[in-house]
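>>> Quick one, what's the 3D model for this:
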Amino acid sequence: MSINQRQYEQLTEMGISLWQQKSFANALNSATEDHSEQEKSATAYSYNDLTILTKDTFFTDILHVLELSIGEISLKEDHIDLGLFNWFFQSDKAITTSISCHDNNLISPTLEVIKQSPELKKGLWQIIIKHLL
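Predicted coordinates:
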């Protein structure tokens, strides 16, 4: 059974992964494409597209805890407006290991940096619980 791109994206958003039998050549090409896509997202990580954020399970987990849906947030030029607070991301060039919240403005490293550090994840959850819930 084949599905179109829209159906695939909807299933992916719901957390349903699809399995397909692939030949070795197709699997190799797919792995190469996935790796180059990861490199692109690591070097040019931007939050100006909701489709990028909806595919990030860490971000959707945060929205779930805050009882927000993707439709309730809005993307601004330099931050994400979550209604309860504004989330500003520090650039990858100036990677810091601090997360702070002042006047309903959450300032943190990018999601990619946070996901790679258990300490940053813990700090983010503590700030969300302490200041934003």
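>>> mind listing what's buried in stretch 103-119?
By neighbour count on 16 or more other C-beta atoms under 10 Å, the buried set for stretch 103-119 is 106, 107, 108, 109, 110, 111, 113, 114, 115. Bear in mind the C-beta positions are built from the backbone N, C-alpha and C, glycine included.
>>> Next one: the second one, what pLDDT does it get?
So the one you mean is residue 107. On pLDDT, residue 107 comes in at 90.
>>> and it, what helix or strand is that in?
strand 105-108 (DSSP states H and E).
>>> Just the CA trace of that strand, in CSV.
Below are the C-alpha coordinates for strand 105-108, written out as CSV (Å, rounded to 0.1, in the frame of the first residue of the first chain):
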residue,chain,number,x,y,z
ASN,A,105,10.7,35.4,28.4
LEU,A,106,12.5,32.0,28.3
ILE,A,107,16.0,32.3,26.9
SER,A,108,17.8,29.0,26.0
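>>> What distance do you get for the most centrally placed residue in the chain to residue 13?
Compute the mean C-alpha point of the chain, and by C-alpha atoms, centre = their mean the closest residue is residue 56, 3.5 Å away. According to C-beta to C-beta, to the nearest Å, residue 56 and residue 13 sit 11 Å apart.
>>> With residue 59 instead?
Distance of residue 59 to residue 13, computed by C-beta to C-beta: 12 Å.
>>> just residue 127 next, same as before
Distance from residue 127 to residue 13, by C-beta to C-beta: 27 Å.
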